[in-house]
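1. Sequence and predicted structure, then a few things I'm wondering about:
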Protein chains: 2
Amino acid sequence: MTAVLDGARLTLWAPAGLGEVRPGDDLAALVGDLLARDAEGSGDPLAEGDVVVVTSKIVSKAEGRVVRATDREQAITDETVRVVATRERPDGLPPLRIVENRLGLVMAAAGVDASNTPDGTVLLLPEDPDATARSVRAALRDRFGLDRLGVVVTDTAGRPWRDGVTDVAIGAAGLRVVDDLRGGVDSHGRPISVTVTAVADEIAAASELVRGKASGRAVAVARGLSRFVRGGTGPDGDGPGARVLVRTGPDDLFREGTAEAYARGVADGRASR
Amino acid sequence: MTAVLDGARLTLWAPAGLGEVRPGDDLAALVGDLLARDAEGSGDPLAEGDVVVVTSKIVSKAEGRVVRATDREQAITDETVRVVATRERPDGLPPLRIVENRLGLVMAAAGVDASNTPDGTVLLLPEDPDATARSVRAALRDRFGLDRLGVVVTDTAGRPWRDGVTDVAIGAAGLRVVDDLRGGVDSHGRPISVTVTAVADEIAAASELVRGKASGRAVAVARGLSRFVRGGTGPDGDGPGARVLVRTGPDDLFREGTAEAYARGVADGRASR
């Protein structure tokens, strides 16, 4: 069943002043320091039911997932499990590859990122963003003496058929990642048959609106979503993570780009005669 | 160039009590009544720079876009411009069709919806959600004496490669629908080369978190996004609408489902020998 809205008010904010994150930094400590300073300024400390959102970029930086920009194409290859589609690019640039990466995410360039990184470098996605979300959650719960706390790790991704990018959740802990309304009833009292809402992705998208791409703010807090937030530790407290949002495999209707699937069909058709 | 964050705080709320919307209702008046009652209760009236979010469902209901459930498959066919992919379903159900509809949106069942509708009926998407957003914006600007006001019309959609649905913007007025950061610089002072953020989609997703699927709340207000909100009337004030978020056409890498493209290739390969 679905939960009752708590107050039906959602507030998000993005504290400034994290500073540059460096390889080996204790990310949970840096985020905790930022939130503690923010609370001093605002008188509004982290509270039960809050969700802390951090960008994959600062996770990757803390993990030292930096490679030289000249090694970018090889880095994409190394992160790739499966090429989904490619697009030729002008000016002698290598083709853009849309691939399924180690994390199951289908992304352009495997999620390898060249913005907001030191000159001459690119960033790979974090090693295991669900694990990072769990460890940040554990540290923040301890530090702020909270039980029910959620953590989301976001990344920016394009979508088929829609212009522009949005942020999605690539890591999560302490959160009901999807709101499964199957078994619930709609406002007419009829069963809701198919709706599973990607709550963690909607939180990621909302957080982008307060962080902004150019401001370099990498941390946000979302308050008013406590119905989705878990208490406790271990698997019960952390929940399944953002990995459950990945839907690829044989049933994927868009497993391959149109041109790639068509070319494979032509080859098979020629061979089959 | 990108705009400065205003306060870096975003608040969303979803007033209860809209009631059932019926064919022929004046939607802008109903939404205005709801917001006026909400302001009386909260002491927090609609303000300059706010964005009012309404679901496509209430727009469709006011427009009388209701058809009998028994006519559902024909209604999907009528809304379809192009079939993108199909998936067989068990139990003798007709195949699920993922199609590009009149509005350019690629959606399962062309966006035809059977939840939160009266028994035995399904709802088509609004006739022209950008036009609706413009007329709601004009009415609310007048009624509340505001200049800078945004309106978003949302619908719920699935995505390839991700489980769960999120809300996206299918109509918009008075809003910078995309935040085009090309030409801006990142926090290292380097040009941001490729990032266009789908702001309207992120607002739609955020609003879903306060509206909820089961609660039947169909209106939300987002405050703190005034950097994206336009003043004035006419094309300059209304802006381009959510139609600019549609990206389909010959360049679409996922113009056809994998199975459909493969089958077409096999047929062409056989014929070409």
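-> Happy to help now that I have it.
2. A:Arg97 in helix, strand or coil?
-> Three-state call for A:Arg97 (DSSP: H, G, I helix; E, B strand; the rest coil): strand.
3. Tell me who's in contact with it.
-> Listed by Cβ atoms under 8 Å, 6 or more residues apart in numbering or on different chains, the contact partners of A:Arg97 are A:Ile76, A:Thr80, A:Val83, A:Ala85, A:Thr86, A:Ala108, A:Ala109, A:Ala110. Placement of C-beta: from N, CA and C, glycine included.
4. same deal with A:Val165?
-> A:Thr156, A:Ala157, A:Gly158, A:Arg159, B:Thr195, B:Val196, B:Thr197, B:Ala198.
5. Pipe the contacts of A:Arg97 into a markdown table and attach distance to B:Leu103 per row.
-> Shown next, in a markdown table, are the contacts of A:Arg97 (distance: Cβ to Cβ, whole Å):
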| residue | distance to B:Leu103 |
| --- | --- |
| A:Ile76 | 35 |
| A:Thr80 | 34 |
| A:Val83 | 31 |
| A:Ala85 | 24 |
| A:Thr86 | 29 |
| A:Ala108 | 25 |
| A:Ala109 | 30 |
| A:Ala110 | 32 |
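6. can you give me the helices for the stretch 151-273 of chain A?
-> Shown for the stretch 151-273 of chain A, the helices assigned by DSSP state H, counting those that start in this stretch span residues A:199-211, A:234-238, A:258-271.
7. Oops, could you answer that again for the stretch 1-150 of chain A instead?
-> Remark: helices assigned in the stretch 1-150 of chain A by DSSP H, counting those that start in this stretch are A:27-42, A:56-62, A:72-79, A:129-144.
8. Which among those helices is found nearest to A:Val219?
-> Evaluated over the helices of the stretch 1-150 of chain A, closeness to A:Val219 peaks at helix A:27-42, with 5.6 Å, by Cβ to Cβ.
9. Can you check what angle separates the closest one from helix A:129-144?
-> 50 degrees (axes from the mean of the first three to the mean of the last three Cα atoms, to 10 degrees).
10. which parts of helix A:27-42 are buried?
-> A:Leu27, A:Ala28, A:Leu30, A:Val31, A:Gly32, A:Leu34, A:Leu35, A:Asp38, A:Ala39 (16 or more other Cβ atoms under 10 Å in any protein chain shown).
11. Count the residues that sit near the nearest residue in space to the fourth one that is not next to it in sequence.
-> Counting by Cβ to Cβ, 6 or more residues apart in numbering or on different chains, A:Val31 lies nearest to A:Val219, which is 5.6 Å off, once chain neighbours are set aside. A:Val219 has 23 neighbours, counted by other Cβ atoms under 10 Å in any protein chain shown.
12. is stretch A:101-111 up against chain B anywhere?
-> Yes - using Cβ under 8 Å from any Cβ of the partner chain, stretch A:101-111 reaches chain B at A:Leu105, A:Val106.
13. Buried residues, that stretch. List them.
-> Buried residues in stretch A:101-111 (16+ other Cβ under 10 Å): A:Asn101, A:Leu103, A:Gly104, A:Leu105, A:Val106, A:Met107, A:Ala108, A:Ala109, A:Ala110, A:Gly111.
14. For chain A, give me the ranges with low pLDDT.
-> A:1-7, A:183-194, A:213-214 (pLDDT under 70).
15. Pull the lengthiest strand in it out as CSV, backbone CA atoms only.
-> The residue-count maximum for a strand in chain A (DSSP state E) belongs to strand A:162-173. Coordinates of the C-alpha atoms in strand A:162-173 are reproduced here as CSV (Å, rounded to 0.1, in the frame of the first residue of the first chain):
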residue,chain,number,x,y,z
ARG,A,162,13.6,13.7,-25.0
ASP,A,163,16.0,16.7,-25.3
GLY,A,164,18.1,17.7,-22.4
VAL,A,165,19.6,15.8,-19.5
THR,A,166,18.2,15.1,-16.1
ASP,A,167,19.7,13.7,-12.9
VAL,A,168,19.0,10.1,-12.0
ALA,A,169,19.9,8.0,-8.9
ILE,A,170,22.8,5.7,-9.4
GLY,A,171,23.3,4.9,-5.7
ALA,A,172,20.9,4.9,-2.8
ALA,A,173,20.6,3.8,0.9
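16. next one: that strand to chain centre, how far?
-> 5 Å (Cα atoms, centre = their mean, to the nearest Å).
17. quick one: that strand to helix A:129-144, angle?
-> 60 degrees.
18. orientation of strand A:162-173 relative to helix B:199-211 in degrees?
-> Angle of strand A:162-173 versus helix B:199-211, following the same axes, to 10 degrees, is 40 degrees.
19. Next, the buried residues of strand A:162-173.
-> Buried residues in strand A:162-173, counted by 16+ other Cβ under 10 Å: A:Arg162, A:Asp163, A:Gly164, A:Val165, A:Thr166, A:Asp167, A:Val168, A:Ala169, A:Ile170, A:Gly171, A:Ala172, A:Ala173.
20. A:Val84 contacts A:Met107, doesn't it?
-> No - A:Val84 lies out of contact with A:Met107 (Cβ atoms under 8 Å); the separation is 9.3 Å.
21. Now for the two: what residues contact both?
-> The contact lists of A:Val84 and A:Met107 share A:Ile98, A:Val99, where a contact means Cβ under 8 Å, 6+ apart.
22. A:Leu146 is in contact with A:Val51, isn't it?
-> No - proximity of A:Leu146 to A:Val51 does not meet the contact threshold set by Cβ under 8 Å, at 11.5 Å.
23. ok, the two, which is more surrounded?
-> A:Val51 (29 against 19).
24. Skipping adjacent residues, who's closest to the more buried one in space?
-> Nearest residue to A:Val51 in three dimensions, chain neighbours excluded: A:Gly150, at 3.8 Å (Cβ to Cβ, 6+ apart).
25. Neighbours of the one you found, how many?
-> Using other Cβ under 10 Å, the number of residues around A:Gly150 comes to 29.
26. That one: what's it in contact with?
-> By Cβ under 8 Å, 6+ apart, the contact list for A:Gly150 reads A:Asp50, A:Val51, A:Val52, A:Arg137, A:Ala172, A:Ala173, A:Gly174, A:Leu175, A:Leu225, A:Phe228, A:Val229, A:Arg230.
27. what's the spacing between the fifth one and A:Ala29?
-> In this case it means A:Ala172. As judged by Cβ to Cβ, to the nearest Å, A:Ala172 and A:Ala29 stand 20 Å apart.
28. Repeat that for the fourth one.
-> Remark: distance between A:Arg137 and A:Ala29 (Cβ to Cβ) = 14 Å.
29. Include mean neighbour count when you put the helices of the stretch 151-273 of chain A into TSV, please.
-> Below are these laid out as TSV (neighbours: other Cβ atoms under 10 Å in any protein chain shown):
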stretch	mean neighbour count
helix A:199-211	28
helix A:234-238	14
helix A:258-271	18
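30. which stretch among those helices comes nearest chain B?
-> For these, the distance to chain B is smallest for helix A:258-271, at 2.1 Å, taking Cβ to the nearest Cβ.
31. by contact count, what packs against that closest one?
-> strand A:80-87, helix B:258-272 (3 or more Cβ pairs under 8 Å, 6 or more residues apart in numbering or on different chains; DSSP states H and E).
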